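Participant: could you look at this predicted model? Sequence included:
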Amino acid sequence: MADVVIPTPDGALNAPLAVPDGKGPWPGVVVIHDALRMRRDTRQQAEWLASEGFLAIAPDLFDGGTVITCLRLIIHDYLTWQGMMFRHIAAARD
């Protein structure tokens, strides 16, 4: 699995990218980590999806911030259905 940098309107976003074996194109999946931040289990989930034939990327939505600050922003974004979290997920998808 490779670590990649995704350009977003808010700056660079780090994400592990798991690529399946063989020649693409492959269906893609954006793997979202839990509320405790990017951990090994999120990376393992991306690797498992790649082993099943999916291109899997797991953006670190807390990249560059503290857990408390990021959780506040994510809750706000979720309640308004807009904001940095949605821009980061869209950038990872694209």
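Facilitator: Structure's in. What do you need?
Participant: can you point out the buried residues in the helix ranked longest in the chain?
Facilitator: Looking across the chain with DSSP state H, the single longest helix is helix 67-80. Using 16 or more other CB atoms under 10 Å as the test for burial, helix 67-80 gives 70-71, 73-74, 77. Using the backbone N, CA and C atoms, a C-beta is placed for each residue, glycine as well.
Participant: wait, which of those residues is closest to A90?
Facilitator: D77 (11.9 Å; CB to CB).
Participant: shouldn't the closest one be in contact with H88?
Facilitator: No. D77 is beyond contact range of H88, at 9.5 Å (criterion: CB atoms under 8 Å).
Participant: in the chain, which spans are strands?
Facilitator: 2-8, 11-18, 28-30, 55-57 (DSSP state E).
Participant: what sits up against the worst-scoring helix or strand of the chain on mean pLDDT?
Facilitator: Least confident helix or strand of the chain, by mean pLDDT, DSSP states H and E, is helix 67-80 with a mean of 77. Contacts to helix 67-80, defined as CB atoms under 8 Å, 6 or more residues apart in numbering, come from residues 35-37, 61-62, 65, 83-86.
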